[in-house]
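Trainee: from the sequence below, what's the structure:
(chains A, B, C and D)
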Amino acid sequence: MTMPPAAPFSANEMMTVVAARALRNEDVCFVGIGAPSAACNLARLTHAPDITLIYESGTIGARPTVLPLSIGDGELCETALTTVSVPEMFRYWLQGGRITVGFLSGAQMDRYANLNTTVVGSYERPKVRLPGGGGAPEIASSCQEIFITIPMSRRTFVEQLPFITSLGHGTGRGSREALGLKSRGPTRVMTDLCVLEPDPDTCELVVTSLHPGVTPEMARAVCGWALRFSDRLATTAEPSAGELQVLRDLQARSAAAHKDEP
Amino acid sequence: MTMPPAAPFSANEMMTVVAARALRNEDVCFVGIGAPSAACNLARLTHAPDITLIYESGTIGARPTVLPLSIGDGELCETALTTVSVPEMFRYWLQGGRITVGFLSGAQMDRYANLNTTVVGSYERPKVRLPGGGGAPEIASSCQEIFITIPMSRRTFVEQLPFITSLGHGTGRGSREALGLKSRGPTRVMTDLCVLEPDPDTCELVVTSLHPGVTPEMARAVCGWALRFSDRLATTAEPSAGELQVLRDLQARSAAAHKDEP
Amino acid sequence: MPAFCSLGEAIAAHVHDGDCVAMEGFTHLIPFAAAHEVLRQGRRHLTLVRMTPDLIYDQLIGMGAADRLVFSWGGNPGVGSLHRLRDAVENGWPQPLQLEEHSHAAMANAYEAGAANLPFAAFRGYIGVDLPKVNPRIRRVECPFTGEILAAVPAIRPDVTIIHAQRADRAGNVLLDGIVGVQKQAVLAARRAVVTVEEIVDDLGAPGLNAVVLPSWTITAIVAVPGGAYPSYAQGYYHRANAFYTAWDEISRDRDRFMAWVSEHVLKRGPEAFRTYSPQGR
Amino acid sequence: MPAFCSLGEAIAAHVHDGDCVAMEGFTHLIPFAAAHEVLRQGRRHLTLVRMTPDLIYDQLIGMGAADRLVFSWGGNPGVGSLHRLRDAVENGWPQPLQLEEHSHAAMANAYEAGAANLPFAAFRGYIGVDLPKVNPRIRRVECPFTGEILAAVPAIRPDVTIIHAQRADRAGNVLLDGIVGVQKQAVLAARRAVVTVEEIVDDLGAPGLNAVVLPSWTITAIVAVPGGAYPSYAQGYYHRANAFYTAWDEISRDRDRFMAWVSEHVLKRGPEAFRTYSPQGR
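Mentor: Predicted coordinates for the structure are as follows:
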């Protein structure tokens, strides 16, 4: 199999940039730590200056100058429009249906974008005890739509989840509706190799865009199920010089800031 | 019937003073407007400087210099330790069981200290539509004990209530327990003529103390039921010069303040 | 981003005949100017929701704007009766008024449930009292762990909530402080939210006493109406007109005098009349 | 009026073997100094309740102080695993740990219900997920008006809640601001509340970012422990020690190295050691 041409950007940067591009200026976004936080702040610092970023610690409209290490860094509160208690955040703002986009990630995902962040092995005697769901179960059901960022590998893209921590499209089309949900669930999955979206007919994730230099074979090779591709398969636009500049500055600032701390 | 000797204080002042005396320095008191507010602030300005006054508008630890006309005057918030939302006030603080004394009054009361502030006549076609319960139904059940201030008359002290707005001792001893309540309910009723307390055996209100110059006949004459008296019937101590001074200053300040307003 | 517009435009666009309307403000920040505009525009058949109807709903009820009232305490605070409310209930004048009556705790919980997008609120209430006998919207729910029976009321979800706040910034974020009542819950529980403010500023400034900030994307329309809470008050701007609350007892006691007052002070005026009650107007 | 005492006295008097203990603080104001005192006093068989166990419970679990953990997210924020928590769950070292696992929404609602003296909380949650299959304390409740089925969890009512706050005044009123998390709810839900503070002042001063004030009569004991939230942070006093959170990954990965760290930094020290992390100590 042929390797992609050496690119002036990393696969991880591509994943973050493509996630940032998916956000709209008017979005109210429930942000997780890591790739989602980088993507949301990249969007805010580029094409979506008015995007509202909400962290589950209660900060609404945070505008951090550096990426927080935790969802509760002081930077978030100091730059927020307002900060509410955690019960209010989950009751009025998330359950209230006011979040347009929720970002999720996970240790494992299946073809219907259900996620596992709880255990590998059995729940009672786990092989690996993962951190657990946190806000994910209700983020997945209450946000108007869900974006997932997750690096692609046979370990993460699995045929069968040992545990469903947060609901994607369940067992396929109609699953969410049958549970009384009106929210859309996962509408796009952004990985280091490609972008996947649910097939309108089946809700199975299909590749709709391959990142530059990535072949269908490469994606298939790291997927735990028989990966399908859209018949309108596109190639993801490379990160622009501007996008890379802003992202790298942001990450450099953040690394420096966190190293300085005692 | 003989008239009492002319006293240097009004029956209303006596009622307020005797109510103030019933409050302890460590009480956390849910205050209503009118006589309760005057009594609570008189207590705070005399023997109970550390008493915590809570108004249902959300102000906790209010220390007003003038008596508010409404339970939401700005004075209450400006002098309070903290102010919370109205839902929080009723959920965490009242329902939370943190109030030691709740003050109630009413248009009508029966011998078990149940109160009516809703209607005279039938609910559907009332002869007189009264303001309604407001906070009273849950104050009556959630506060550790209830003090009632109410002027005595055949119109207010009735044999049978047309409507039970807030629960006193129901139909007598055991009624509150049967409803699963652990709070004590009304422990004393302070009127312009006397103080009444529930009989330990029956929970029927009996007169335990007559104000100076008031005879049993005078009290009986204005009660809508066959009024009973404690066999240890006392005479209420007259308001002291100090109590009257503080109360009259407070009411003068308040009248002046409210007249000044546009 | 909410619309910045005139009060007339805001009420015309967002308050319709037959709507369920909540105008909140617990003694503090009662949106009187907005209510007067609703009267000028002749809205009818409204369901009015408010814990304390206060003078603001006494005026709307007296003019026949409401078919239904959801409330928990219907008096003139510290003064006595709301005579227009009583006249409507006792005599059906100017038209009958259907009541849905609750306790404060029930309504506070019902607003809270609405803000939280829950269908109902469970609370420890209505124990040993008669209101549940006359209000079918008071029910019971059993705790699935202890078996305890609690009171339940449906969430309040108004078509539109109207509040008055101290300030909005130019992005449309709204700040209120002082006694904040149930306004945050009432706004978040509603389909639409109209906010009148004392002033529109570049920066909301340092939050005062327990400030509540409502993000721009929770608000439908914002109108600057200085003095718009009179005879209620706006902490930091002007005091409660307790003397007017006292005077209302006489004004509202007589039908003709009430009608004359409304004609003179509401129908023949506009929101700018409220400015005289604000610091800007003095 | 709460007792003003030493940390040793507060923990000895109010935290007992077998207690249900909540040490809250959502990333901000985590009461590490108090947890270290619990370790020094050798408490055992605790039920530990906390949305995010964080390093504070990783340390308690690693030392075998807990029989049971009630939690909703058990990672090292932004870093990875809590290795002592994993070792206890995966290998039963130093002893087995019973888990009661929830989502954040469930625990936030359960604390809220506890503060409100309700036996349970109803919310829209756990839809289409597996946690209810393994946690019998997740049940369902039906709306008595719409028939909708909601998730229900029991209220959290700790024997004792421990928090760290910025300030207390001499009357015992406590102020925290910045990210306030679930601390108010956790304190009001508990039988006893122990609060460590950065400083005890004459006047709590102007409230900062969304300040929460807890009246003196809601608090059992107050202890001044400057720096007591390190390596978490205290808004306005010191920053989060993100570098230590990162370093913890290595320290906690190995049992011996962990034991050595606790011996050196916890067992051989007292609360005064935290002062060096506070402005006063620099």
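
Trainee: give me the element residue 188 is part of.
Mentor: Just going to use chain A. Assigned by DSSP states H and E, A:Arg188 falls within strand A:186-190.

Trainee: please go with chain C instead
Mentor: Per DSSP H and E, C:Leu188 falls inside helix C:183-189.

Trainee: now that helix, how far from the chain's geometric center?
Mentor: 11 Å (C-alpha atoms, centre = their mean, to the nearest Å).

Trainee: average pLDDT for that helix?
Mentor: The average pLDDT for helix C:183-189 rounds to 98.

Trainee: list the buried residues for the one helix or strand C:Val262 maps to?
Mentor: Following DSSP H and E, one finds C:Val262 within helix C:255-262. Going by neighbour count (16 or more other C-beta atoms under 10 Å in any protein chain shown), the buried part of helix C:255-262 is C:258, C:261-262. Yep, even glycine has a C-beta here, placed from its N, CA and C like the rest.

Trainee: those residues into TSV, with extra columns for distance to A:Gly96?
Mentor: TSV is the format used below for the buried residues of helix C:255-262 (distance: C-beta to C-beta, whole Å):
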residue	distance to A:Gly96
C:Phe258	40
C:Trp261	40
C:Val262	37
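
Trainee: closest to C:Arg124 out of those?
Mentor: Among those, C:Phe258 lies closest to C:Arg124 (C-beta to C-beta), at 39.8 Å.

Trainee: return the per-residue confidence for that closest one.
Mentor: At C:Phe258, the pLDDT recorded in the model is 98.

Trainee: near chain A, which residues of the stretch 51-200 of chain C show up?
Mentor: Applying C-beta under 8 Å from any C-beta of the partner chain, one finds that the stretch 51-200 of chain C approaches chain A through C:115-118, C:173, C:184-185, C:188.

Trainee: try 10 Å
Mentor: C:112-118, C:169, C:171, C:173, C:175, C:184-185, C:188-189 (C-beta under 10 Å from any C-beta of the partner chain).

Trainee: biggest separation within those residues, which pair?
Mentor: Across those, the longest distance by C-beta to C-beta is 30.6 Å; it joins C:Leu118 and C:Asp169.

Trainee: among these two, which residue is more densely surrounded?
Mentor: A side-by-side neighbour count of C:Leu118 and C:Asp169, using other C-beta atoms under 10 Å in any protein chain shown, places C:Leu118 first with 23 against 19.

Trainee: pretty sure the more buried one contacts A:Gly96?
Mentor: Yes. At 9.5 Å, C:Leu118 and A:Gly96 qualify as touching, with contact defined as C-beta atoms under 10 Å.

Trainee: who touches both of the two?
Mentor: Taking C-beta atoms under 10 Å, 6 or more residues apart in numbering or on different chains as the criterion, C:Leu118 and A:Gly96 both touch D:Arg124.

Trainee: does stretch A:124-138 come close to chain C?
Mentor: No. Interface with chain C: stretch A:124-138 contributes nothing (C-beta under 10 Å from any C-beta), its closest point being 11.4 Å away.

Trainee: and the end-to-end length of that stretch?
Mentor: In stretch A:124-138, first residue to last residue: 23 Å (C-alpha to C-alpha, to the nearest Å).

Trainee: in that stretch, what's buried?
Mentor: A:126, A:129-138.

Trainee: what do you get for stretch C:50-70?
Mentor: The neighbour-count check on stretch C:50-70 (16+ other C-beta under 10 Å) flags C:50-66, C:69-70 as buried.

Trainee: and the helix holding C:Val262, how far out from the chain's middle?
Mentor: Mean-position distance between helix C:255-262 and its chain equals 22 Å (C-alpha atoms, centre = their mean).

Trainee: can you name every helix or strand that it contacts?
Mentor: helix C:54-62, helix C:83-91, helix C:242-253 (3 or more C-beta pairs under 10 Å, 6 or more residues apart in numbering or on different chains; DSSP states H and E).

Trainee: give me the mean pLDDT for the first one.
Mentor: Spelled out, it's helix C:54-62. Mean predicted lDDT for helix C:54-62 stands at 98.

Trainee: swap in the longest one?
Mentor: Within the predicted structure, the mean pLDDT of helix C:242-253 is 96.

Trainee: same check on stretch A:168-185?
Mentor: 97.

Trainee: may I have it as PDB, with CA atoms only?
Mentor: The C-alpha coordinates for stretch A:168-185 follow below in PDB (Å, rounded to 0.1, in the frame of the first residue of the first chain):
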ATOM      1  CA  GLY A 168     -25.400   7.300  18.900                       C
ATOM      2  CA  HIS A 169     -27.900   5.900  16.500                       C
ATOM      3  CA  GLY A 170     -28.500   2.700  18.500                       C
ATOM      4  CA  THR A 171     -29.100  -0.200  16.200                       C
ATOM      5  CA  GLY A 172     -29.700   2.000  13.200                       C
ATOM      6  CA  ARG A 173     -32.300   4.200  11.800                       C
ATOM      7  CA  GLY A 174     -35.300   4.800  14.000                       C
ATOM      8  CA  SER A 175     -33.600   3.800  17.200                       C
ATOM      9  CA  ARG A 176     -33.500   7.300  18.600                       C
ATOM     10  CA  GLU A 177     -37.000   8.100  17.600                       C
ATOM     11  CA  ALA A 178     -38.200   4.900  19.300                       C
ATOM     12  CA  LEU A 179     -36.600   6.200  22.500                       C
ATOM     13  CA  GLY A 180     -38.600   9.400  22.200                       C
ATOM     14  CA  LEU A 181     -35.600  11.500  21.300                       C
ATOM     15  CA  LYS A 182     -36.100  14.500  19.000                       C
ATOM     16  CA  SER A 183     -32.400  15.500  18.800                       C
ATOM     17  CA  ARG A 184     -30.400  14.400  15.800                       C
ATOM     18  CA  GLY A 185     -27.600  12.500  17.500                       C
END
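
Trainee: who touches the longest strand seen in chain A?
Mentor: Secondary structure of chain A per DSSP state E: the longest strand is strand A:228-235. By C-beta under 10 Å, 6+ apart, the residues outside strand A:228-235 that reach it are A:111, A:194-197, A:199, A:202, A:204-214, A:216, A:219-220.

Trainee: which bits of the stretch 51-200 of chain A sit near chain C?
Mentor: With C-beta under 10 Å from any C-beta as the criterion, the stretch 51-200 of chain A meets chain C at residues A:52, A:54, A:60-61, A:80-84, A:87-88, A:90-98, A:100, A:142.

Trainee: list the contacts of residue 28.
Mentor: Going with chain A. A:Val28 makes contacts with A:51-54, A:60-61, A:93, A:98-102, A:143-144, C:215, C:217-218, as judged by C-beta under 10 Å, 6+ apart.

Trainee: nope, chain C please
Mentor: B:57-58, B:70, B:72-74, B:76-77, B:83, C:164, C:176-181, C:183, C:229, C:232-235, C:240.

Trainee: filter these down to the ones in strands?
Mentor: Per DSSP E, those map to strands at B:83, C:164, C:176.

Trainee: what's the next secondary structure element after the strand or helix carrying C:Ala35?
Mentor: Assigned by DSSP H and E, C:Ala35 belongs to helix C:32-40. As assigned by DSSP H and E, the chain's next helix or strand after helix C:32-40 is strand C:46-49.

Trainee: I'd like to know which elements that following strand is packed against.
Mentor: The elements that strand C:46-49 packs onto, with contact taken as 3+ C-beta pairs under 10 Å, 6+ apart, are strand C:20-23, helix C:32-40, helix C:54-62, strand C:66-71, strand C:98-101, helix C:104-115.

Trainee: the first one and chain A, any residue contact?
Mentor: No. Contact between strand C:20-23 and chain A, assessed by C-beta under 10 Å from any C-beta, is absent, since the two come no nearer than 16.0 Å.

Trainee: count of neighbours near the residue in the stretch 151-282 of chain C that chain B sits nearest to?
Mentor: When scored by C-beta to the nearest C-beta, the stretch 151-282 of chain C has C:Asn242 as its residue closest to chain B, at 4.2 Å. Here the number of neighbours of C:Asn242 (other C-beta under 10 Å) works out to 24.
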